[in-house]
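J.: model the following, please.
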Amino acid sequence: MSSLQRNHSGKIRHRRHSTEAAPDVNGSVKPSLLVNDQNKYKTMLVRARSSLWMLLGFSLVIYMGHLYICALVVGIQIIMARELFTLRKQAYEDKKLPGFRILIWYFFFTAMLFAYGRFISRQLVNTVTSDKLYYKVVGGLVKYQMVICYFLYIAGFMWFILTLKKRTYKYQFGQYAWTHMILLLVFAQSSFTVANIFEGIFWFLLPASLIAINDVAAYFFGFFFGRTPLIKLSPKKTWEGFIGASFATIISAFVLADILGRFQWLTCPRKDLSTGWLHCDPGLPFKPKSYPLPGWFPWKEWSVMPIQWHALALGLFASIIAPFGGFFASGLKRAFKIKDFGDSIPGHGGFTDRMDCQMMMAVFAYIYHQSFVTSQGFSVELILDQIINHLTDEEQHDLHFQLGKILRGRQEELLLLLE
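T.: Numbering: from 1, shown residues only. Got it, this is the predicted structure:
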């Protein structure tokens, strides 16, 4: 393949020659993942600097709280969508279709309204309870949110049909399919991140940190010990890096869960859209349990939070399953013959290059939390939420009357038993 490639915008883009393989005396190329090339040390330094700046910025946003983290996630999603929309963009065809780019973004923001409306409806209602007018308006929007989003999508669908032009059908339908693939594989998955944030920053921070740890550990284990290629889609990935990163990620999951689980600011769920500090009962998963140790140990017991055992499951997923999100992204880049999705982050590529595994991890963390950590019964808070948001005033009064009747009947039965 030529070292010069022409990208979608018509500009010549230089594709760096790989330093991972060197020809032998016969001229054939054999895998040698540790070629003594100064370029890879320069690349490592650039990546390290970028990673440090990202870590500092990320830490600041975490300190600022839930809403700022959500704003960061939304911003990253928009940048990722722009990077992916640009892959199949053809300037010549777009000139024939004025306003077609607006339609694509219309679908994106409609999907955003649907997903976030489903995830933060309870927090939104709780925020406006002090004003009756706002409460009724927001409550109505929440109640009919699915219908509103459906008709917004139908409007976009009709818009798309009305914009179809002869000689551009193939391009337009290709863009339509590409847009929906992005919404399904990128936005639908990454939107679960916001749901995790409101369940407690812990459920956002731990999974995201495990992916970062796995990525960094795989890079360094592969950099210093890598010899055996892992998968053809990602030539830089090695079995040594994969295995070393797996152990590092699982151990880190157990330790990090213990550290992060001690802060209520991270473990408490956010029930509204305010920005104040949180205080709550941490719940059983974050309360240490003591396990007796054999007599020959210097300690009599070992104290472990139950959440640390749950963290091991997250660590296993982050080290074994989540990397396949990166392999998928690598295959996609090979299909389009590009090195990176963008150049927003020096040494790393675009935001899509950094978030490919995070999306799968966010979905798993949400499903795992709902399935194995959250109480499976109906809580009083959940029942009240359903009553307030889905029953009319008359139905609520009727429910109050019926509950009072049931309670009075039980009191009469109790009095008869006492007599």
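J.: buried stuff in stretch 107-120?
T.: 107-108, 110-112, 114-117, 119-120 (16 or more other Cβ atoms under 10 Å). Yep, even glycine has a C-beta here, placed from its N, CA and C like the rest.
J.: now the strands for the stretch 201-350 of the chain?
T.: Residue ranges of the strands in the stretch 201-350 of the chain, as given by DSSP state E, counting those that start in this stretch, are 229-231, 234-238, 289-292, 301-304.
J.: could you do the stretch 1-150 of the chain as well?
T.: With DSSP E, counting those that start in this stretch as the criterion, the stretch 1-150 of the chain has strands at 4-6, 12-14, 21-23, 29-31.
J.: follow-up on the earlier one: turn the strands of the stretch 201-350 of the chain into JSON lines, columns for mean neighbour count.
T.: Shown next, in JSON lines, are the strands of the stretch 201-350 of the chain (neighbours: other Cβ atoms under 10 Å):
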{"stretch": "strand 229-231", "mean neighbour count": "17"}
{"stretch": "strand 234-238", "mean neighbour count": "20"}
{"stretch": "strand 289-292", "mean neighbour count": "10"}
{"stretch": "strand 301-304", "mean neighbour count": "12"}
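J.: tell me which of the ones you listed lies nearest to residue 400.
T.: Nearest to residue 400 among those is strand 289-292 (40.8 Å), distances taken as Cβ to Cβ.
J.: give the pairing partners of that closest one; include direction for each.
T.: strand 301-304 (antiparallel) (DSSP bridges).
J.: wait, what's in contact with residue 315?
T.: Going by Cβ atoms under 8 Å, 6 or more residues apart in numbering, residue 315 touches 210, 249-254.
J.: spatially nearest residue to it, not counting backbone neighbours?
T.: In space, and not counting its chain neighbours, residue 315 is closest to residue 253: 3.1 Å by Cβ to Cβ, 6 or more residues apart in numbering.
J.: now the one you found: how far from residue 361?
T.: 12 Å (Cβ to Cβ, to the nearest Å).
J.: what's the answer for residue 180, then?
T.: From residue 180 to residue 361 the distance is 23 Å (Cβ to Cβ).
J.: quick check: which of the strands of the stretch 201-350 of the chain is nearest to residue 82?
T.: strand 234-238 (24.1 Å).
J.: just the helices in the stretch 101-250 of the chain please.
T.: For the stretch 101-250 of the chain, helices defined by DSSP state H, counting those that start in this stretch occupy the ranges 121-127, 132-143, 145-162, 169-182, 188-190, 192-199, 202-225, 239-260.
J.: can you list contacts of stretch 49-61?
T.: 68-69, 72, 216, 345-348.
J.: got the buried residues for it?
T.: Neighbour count says stretch 49-61 has 50-51, 58 buried, by 16+ other Cβ under 10 Å.
J.: now that stretch: how far from the chain's centre is it?
T.: Distance of stretch 49-61 from the chain centroid (Cα atoms, centre = their mean, to the nearest Å) equals 18 Å.
J.: do stretch 205-224 as well
T.: In terms of Cα atoms, centre = their mean, the centre of stretch 205-224 is set 16 Å apart from its chain centre.
J.: I'd like the mean pLDDT over it, please.
T.: Across stretch 205-224, the average pLDDT comes to 93.
J.: return the set of buried residues in it.
T.: Within stretch 205-224, judged by 16+ other Cβ under 10 Å, the buried ones are 205-223.
J.: just stretch 322-338 next, same as before
T.: Of the residues in stretch 322-338, those buried (16+ other Cβ under 10 Å) are 322-323, 325-330, 332-333, 338.
J.: which one of the buried residues of stretch 107-120 is nearest residue 79?
T.: residue 108 (12.0 Å).
J.: for the closest one, which residues are in contact?
T.: Contacts for residue 108 (Cβ under 8 Å, 6+ apart) come out as 81, 179, 182-183, 187.
J.: any regions of the stretch 151-300 of the chain where pLDDT drops low?
T.: Nowhere does the stretch 151-300 of the chain drop to pLDDT under 70.
J.: low-confidence regions, the stretch 1-150 of the chain specifically.
T.: 1-38, 40.
J.: re the thing from before, the helices of the stretch 101-250 of the chain: which one's closest to residue 396?
T.: Short answer: helix 132-143, nearest of the helices of the stretch 101-250 of the chain by Cβ to Cβ, at 12.2 Å.
J.: export the buried residues of stretch 107-120 to JSON lines and append columns for distance to residue 308.
T.: Shown next, in JSON lines, are the buried residues of stretch 107-120 (distance: Cβ to Cβ, whole Å):
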{"residue": "107", "distance to residue 308": "42"}
{"residue": "108", "distance to residue 308": "38"}
{"residue": "110", "distance to residue 308": "40"}
{"residue": "111", "distance to residue 308": "36"}
{"residue": "112", "distance to residue 308": "35"}
{"residue": "114", "distance to residue 308": "35"}
{"residue": "115", "distance to residue 308": "31"}
{"residue": "116", "distance to residue 308": "31"}
{"residue": "117", "distance to residue 308": "34"}
{"residue": "119", "distance to residue 308": "27"}
{"residue": "120", "distance to residue 308": "29"}
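J.: one step back: quick check: the farthest pair among the contacts of residue 108?
T.: It's 179 and 187 that sit farthest apart of those, by Cβ to Cβ, at 10.1 Å.
J.: and the two? Which one has more around it.
T.: residue 179 (23 against 20; other Cβ atoms under 10 Å).
J.: can you pull the contacts of that one?
T.: By Cβ under 8 Å, 6+ apart, the contact set of residue 179 is 85, 104, 107-108.
J.: straight-line length of stretch 127-136, end to end?
T.: Using Cα to Cα, to the nearest Å, the end-to-end distance of stretch 127-136 comes out at 12 Å.
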